[in-house]
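Undergrad: Predicted coordinates and the sequence they were generated for:
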Amino acid sequence: MNQPSPATWVPIPPLSGFPVENLPYGVATHGERPAHVVTRIGDSVVSLGALALNGLLDGTIEEPAAYFAIGTLNPFMALGAPAWAAVRERLTELFTETRHRSAVEPLLVPLADVVLYLPFQVADYVDFYSSEDHATNLGRIFRPDGEALMPNWKHLPIGYHGRSGTVVPSGTPILRPSGQRKAPTDEEPRFGPSVRLDIEAEVGFVVGTPSPLGRPVRVEEFADHVFGVTLVNDWSARDIQAWEYVPLGPFLGKSFATSVSPWVVPLAALQDARVAPPYQDPVPLPYLQGETWGYDIALEVTLNGTTVSRPPFAGLYWTPAQQLAHMTVNGASLRTGDFYASGTVSGPLPEQRGSLIELTWNGTEPLHLADGSTRTFLVDGDTVAISGVAPGPNGARIGFGEVVGTIQSAARPGQ
Ligand SMILES: O=C(O)/C=C/C(=O)CC(=O)CC(=O)O
Ligand SMILES: [Ca+2]
Ligand SMILES: [Mg+2]
């Protein structure tokens, strides 16, 4: 469908991922103005701070300017699902009812004229490991002599706590990390810049509503707590990781940078992208059961402009609601801004693998790029972009935009 959103008076380019059915949240500056909460429609950005200051969000939440004429989504996210629904309904009204056009149109700013930031303050950051194809591939590569999947893998969504302070917005340069590594053929460990720098294409979930210590969040409560969805590139230094991570798990090989796309797509925009959860055998324990679903988000990974993978999020084994329930089943509380990533998204086909270690099978099968060069792991100057799109109502496309990063050479020790 060429015109997925005929109801809006805002011009929407054909096939745009930002029709009125999307209305994601971000944080942006425009010229000298301070950072505000914004939304995007077509190729225009609108400050919710400006809408609020003009009285156009009256009747949604108390004092909307206090939540939107600021440079972070956290206070709004903390208000909870009824407030999110009220604001979304009002924004939809403003962009679809022509009587609002004269008031709202002057507030539209071209996307190209704004600078986008990390839209929320990250509280805790968790990274899961929930793609069966990814886990199987990594098991084969890292543990060729054992079972590909660990015995616990189909009983619980495996994850680890990452480093929230190094979650960075799309476009932040990625400095090649240095660390210890020891290849099987090396006699001794050595220190230096990673020579196996990799990507992980993932989908991230942003928690809005907090939960108290001691009260697990049930699978059915997912949509009460999760505000929205982003794309993630969880940069990974495979050589540092391989030497450091047994038995306690990923540490410095994954904590130097995790890039996030600038738009948080509300769960409400993904209603039509829900898919049946995968068949789970063995049946998980009761706290992981309940009404749950996956999301049909088609990812695309480009390396210096060449498409190298199309990972399908729909096939993930554990659903985001099961991940949330697992993360809190021990009584751990949720804070506004908690962020959890799905784990690397890989599909069953070779061209659906979400990391270079899989795409090149541990560096043995180089990728061929459009410029004639080949790659196993990332070299300085490489740019990786991950984009995503999901189905919306009436044939609309719900876009996530993209998360981009370019590799810079390692800082010399002492710098
Ligand atoms: O299986 C391993 O040894 C390693 C797995 C990963 O590096 C993946 C990871 O950290 C989580 C994920 O993104 O799926
Ligand atoms: Ca990861
Ligand atoms: Mg990371």
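TA: Thanks, I have the structure now. Ligands and ions are numbered 1, 2, ... in the order given.

Undergrad: Give me the neighbour count for the spatially closest residue to Ser333 that is not a sequence neighbour.
TA: Leaving aside its chain neighbours, Ser333 sits nearest to Leu213 (4.2 Å; criterion: CB to CB, 6 or more residues apart in numbering). The way it works is simple: take the backbone N, C-alpha and C, and place the C-beta from them, glycine included. If you count neighbours by other CB atoms under 10 Å, Leu213 ends up with 9.

Undergrad: cool, and the one 4 residues further on?
TA: The number of residues packed near Val217 is 23, by other CB under 10 Å.

Undergrad: OK, contacts around it?
TA: By CB atoms under 8 Å, 6 or more residues apart in numbering, the contact set of Val217 is 211, 225, 324-325, 327-328, 334.

Undergrad: Thr230 belongs to a strand?
TA: Yes. Membership of Thr230 in a strand is supported by DSSP: H, G, I helix; E, B strand; the rest coil.

Undergrad: Kindly state the beta-bridge partners for it.
TA: With DSSP bridges applied, Thr230 shows beta-bridge pairing to Gly204.

Undergrad: That one contacts Gly401, correct?
TA: No. Counting by CB atoms under 8 Å, Thr230 sits too far from Gly401 to count as a contact (9.0 Å).

Undergrad: When those two are compared, which one has more neighbours?
TA: Using other CB under 10 Å as the criterion, Thr230 and Gly401 rank with Thr230 on top: 28 against 24.

Undergrad: Contact partners for that one?
TA: 203-204, 206, 260-261, 263-265, 400, 403.

Undergrad: ok, those residues vs Asn304, which is closest?
TA: Val403 (15.6 Å; CB to CB).

Undergrad: what about the residue in the chain positioned nearest to ligand 2, distance to Trp9?
TA: Closest contact between the chain and ligand 2, by CB to the ion, is at Asp234 (3.6 Å). Per CB to CB, to the nearest Å, Asp234 is found 39 Å from Trp9.

Undergrad: on that earlier part again, the residue nearest to Ser333 is in what secondary structure piece?
TA: Using DSSP states H and E, Leu213 falls within no helix or strand.

Undergrad: I'd say it and Thr328 touch.
TA: No. The pair Leu213 / Thr328 is not scored as a contact, 9.8 Å apart, by CB under 8 Å.

Undergrad: what are the pairing partners of the helix or strand hosting Ala390, and which direction each?
TA: Assigned by DSSP H and E, Ala390 falls within strand 383-391. Applying DSSP bridges, strand 383-391 is found paired with strand 298-303 (antiparallel), strand 397-408 (antiparallel).

Undergrad: quick one: the shortest one near ligand 1?
TA: Okay, so that is strand 298-303. No. Residues of strand 298-303 contacting ligand 1 under CB under 6 Å from any ligand atom: none, with a closest distance of 13.1 Å.

Undergrad: Quick check: mean pLDDT of the next helix-or-strand element following that strand?
TA: Downstream of strand 298-303, the first helix or strand assigned by DSSP H and E is strand 306-309. Mean pLDDT, strand 306-309: 98.

Undergrad: so what secondary structure elements neighbour the very next helix or strand once past strand 306-309?
TA: Moving toward the C-terminus from strand 306-309, the first helix or strand encountered (DSSP H and E) is helix 320-328. Counting contacts by 3 or more CB pairs under 8 Å, 6 or more residues apart in numbering; DSSP states H and E, helix 320-328 packs against strand 159-161, strand 201-207, helix 222-225, strand 339-341.
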